[in-house]
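*Asks:* Make a model of this:
(one chain, ligands or ions: 1)
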Amino acid sequence: MPLSQHPLFKALQQSAQHLPSLAEHFAGNRQRVQQLTFHLGDNLLVDISRQQVCTSVLQQLCELARQMNLPKAIAGLFTDNNFNPTEQRAVLHTALRMPAGATLEHKGVNVIPSVHAELARIRHFCQQVHTGKWCGYSGQPIQDVVNIGIGGSDLGPAMVCEALTPYCTTGIRTHFVSNIDPAHLATTLEPLNPATTLFVVSSKSFGTDETMSNAIAARKWLLNDCGDDSLVQLHFVAVSTNHQKVVEFGIAAENMFTFWDWVGGRFSLWSAIGLPIALAVGFERFEALLAGAHTMDEHLRTTPFEQNIPVLLALLTIWNHNILGHASEGVFPYSQLMHRFPAFLQQLNMESNGKSVMLDGTPVSHATGPIVWGDVGSNSQHAFFQLLHQGTTVVPAEFIGFVNSPYDFPAHRHKLLANMLAQAEALAFGKSAADVEAGLKAEGLSEQRISELLPSKVMPGNRPSTVILCKELTPHTLGSLIALYEHKTFVQGVLWGVNSFDQWGVELGKKLASGLVDTLAGKSNATAHSAATQNLVKQIVDWKAPEGEQ
Ligand SMILES: O=P(O)(O)OC[C@H]1O[C@H](O)[C@H](O)[C@@H](O)[C@@H]1O
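*Replies:* Here you go, the predicted model:
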């Protein structure tokens, strides 16, 4: 039964008619914070007390999830499944972080030994690079690793490498090139020495145009320097599921790391796609990242819904988005190192759940994925938080904070977290007209000035937020945090009844672009396109500098 037709969904809509304010919620229940704070071990806590729910609404949401077969779906994530029917693929990324002795059968074969065999190859390769045994063409050890990939073959490893900067102690510097904009490759390569640079060409399909074009250009750059095609091998490894295309590209099979079609691109950083992470932080820390994700997997698999963190966060999206009608979700890590986390989450959640048809192909009758967006705090406070506090759109916010940091400037120590706590507080409780007026009076302002200022200074409050507080941004905690969002995405998809693991919507644009490349190169005309495109093509051709002048 679709979500919106379920009797419990209708009951939740009824509950939302008589919603107490957050201030009333807190005043009416002294146990609220304890009841609505959940722990993963002793290093991660999730406080949903500032969400516009009470325990009875949460129970209704959990019951709805049970009746919509979420328990079976969760069990399916840890056994063989057919969760991606349009691509005829299973969804088994949880296998990538299972311990060596575990069993997860796919088509009757236990996949865990293959997962660990590939991890052993990654470990060996990292050792070779880190000890200088893997040398470039001039005999010098590798110093810089450039990952060439896009989407799921870029965002996860790029985000993790930045987030784990304090753990990047192997001496290997990592760089990420994704965009077909030549500026990305050119500016990345500019300071690098080809003799000490290794390229990791990462692509599940090994057919993505941006990645292939950048890989071909990188090979030329290398060849220009070393002058011998056979030496290029020393500077290229591949990560892919497509052996044939890797070999056709000219990368030897022994220099290819593999993963499997049951790993979706946006869920793949735990596979060989994480090779740059292991090269940057060391294999043991990569293993700690996997272990952190496995901890969250076990939490998802074994915890009753009423205490299950990813399930609760997904249900809050159902509540905020489908019942209360809030169209977007803001995510605000209070950590400069988590700079790329919102972008990673955008692919994870929006590519997974930005769907309009149910699994059986019928149109959805309820909203699916919200717009996910955000940026780091405290920067975002000084940019767009005005709208969050006083705008006409309510944006449920997720704050992510870390108590300890290896970067300890005494004057900064408490300010970052104080800012995060203050934002959650201001969003929830605002400032009433009476309080604003009293403050302005105390400042000695005239009656007239007070009445002018009052409407602009009132803070409505009652704006929902969640706080995720971690002890420290370690590889293990980051693994748990990423897996939390993976599972949140998965649970949302189950409730919405969509296929969270395909992405057909991105294909049309790719096809149109490939036709337009020839048009812009003057090899075909634009008449097959709309008048708008034809006009822009004409302008581009007119303005284009002749070859060689750019
Ligand atoms: O890893 P690749 O096969 O190169 O794919 C890279 C990316 O491209 C696609 O267009 C998809 O939208 C993404 O889901 C995918 O992660």
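
*Asks:* Alongside the ligand, which residues does the protein contribute?
*Replies:* 150-153, 203-205, 208, 211, 265-266, 351, 503, 506 (CB under 6 Å from any ligand atom). (Each C-beta comes from the backbone N, C-alpha and C, glycine too.)

*Asks:* residues in contact with residue 278?
*Replies:* 122, 123, 126, 285, 286 (CB atoms under 8 Å, 6 or more residues apart in numbering).

*Asks:* Residue 308 now?
*Replies:* Residue 308 makes contact with 299, 300 under the criterion CB under 8 Å, 6+ apart.

*Asks:* returning to what we had before: of the contacts of residue 278 - the most surrounded one?
*Replies:* The residue in the contacts of residue 278 with the most neighbours, by other CB atoms under 10 Å, is residue 286 (28 neighbours).

*Asks:* Pretty sure it sits against residue 274.
*Replies:* Yes. Shown here, residue 286 and residue 274 form a contact pair, counting by CB atoms under 8 Å, at 6.1 Å.

*Asks:* shared neighbours of those two, anything?
*Replies:* residue 122.

*Asks:* Leaving out chain neighbours, which residue sits closest to whatever residue of the stretch 251-400 of the chain ends up closest to the ligand?
*Replies:* Minimum separation of the stretch 251-400 of the chain from the ligand (CB to the nearest ligand atom) falls at residue 265, amounting to 3.0 Å. Distances taken as CB to CB, 6 or more residues apart in numbering place residue 152 nearest to residue 265, at 2.8 Å, with adjacent residues excluded.

*Asks:* I'd assumed that neighbour was in a helix, is it?
*Replies:* Yes. Residue state for residue 152 (DSSP: H, G, I helix; E, B strand; the rest coil) corresponds to a helix.

*Asks:* Show the residue spans covered by the helices in the stretch 201-350 of the chain.
*Replies:* In the stretch 201-350 of the chain, the helices defined using DSSP state H, counting those that start in this stretch lie at 209-226, 229-232, 243-249, 275-281, 283-302, 309-317, 341-345.

*Asks:* Now whichever residue of the stretch 1-150 of the chain sits closest to the ligand. Nearest residue, chain neighbours left out?
*Replies:* Closest contact between the stretch 1-150 of the chain and the ligand, by CB to the nearest ligand atom, is at residue 150 (5.1 Å). With CB to CB, 6+ apart as the criterion, residue 150 has its nearest non-adjacent residue at 4.3 Å, and that residue is residue 178.

*Asks:* residues in contact with the one you found?
*Replies:* The contact partners of residue 178, by CB under 8 Å, 6+ apart, come to 148, 149, 150, 151, 154, 158, 184, 210, 211, 214.

*Asks:* what's it sitting at in phi/psi?
*Replies:* phi -130, psi -40 (degrees, to the nearest 10).

*Asks:* swap in the one 3 residues further on?
*Replies:* Here the main-chain torsion angles of residue 181 (degrees, to the nearest 10) amount to phi -60, psi 120.

*Asks:* Give me the neighbour count for it.
*Replies:* Around residue 181 there are 11 residues (other CB under 10 Å).

*Asks:* Local confidence estimate at the residue of the stretch 1-150 of the chain closest to the ligand?
*Replies:* At residue 150 the predicted local distance difference test score is 98.

*Asks:* before we move on, back to that, tell me the buried residues within the residues of the chain next to the ligand.
*Replies:* 150, 151, 152, 153, 203, 204, 208, 211, 265, 266, 351, 503 (16 or more other CB atoms under 10 Å).

*Asks:* Does the fourth one touch residue 205 like I think?
*Replies:* No. Taking CB under 8 Å as the contact criterion, residue 153 and residue 205 are not neighbours in contact, 9.2 Å apart.

*Asks:* how about the strands in the stretch 51-200 of the chain?
*Replies:* Under the criterion DSSP state E, counting those that start in this stretch, strands of the stretch 51-200 of the chain are mapped to 105-106, 109-110, 144-148, 173-177, 197-202.

*Asks:* low-scoring stretches of the stretch 151-300 of the chain, by residue?
*Replies:* In the predicted model, the stretch 151-300 of the chain carries no residue with pLDDT under 70.

*Asks:* hang on, the earlier thing: I'd like to know how far the residue of the stretch 1-150 of the chain closest to the ligand sits from residue 346.
*Replies:* Distance of residue 150 to residue 346, given as CB to CB, to the nearest Å: 14 Å.

*Asks:* repeat for residue 164
*Replies:* In terms of CB to CB, residue 164 sits 20 Å off from residue 346.

*Asks:* The two: which has the busier surroundings?
*Replies:* More crowded of residue 164 and residue 346, by other CB under 10 Å: residue 164, with 21 against 18.

*Asks:* quick one: contacts for the residue nearest to that one when sequence neighbours are not counted?
*Replies:* Nearest residue to residue 164, sequence neighbours excluded (CB to CB, 6+ apart): residue 281, at 5.1 Å. Counting by CB under 8 Å, 6+ apart, residue 281 touches 161, 164, 167, 168, 169, 170, 475.
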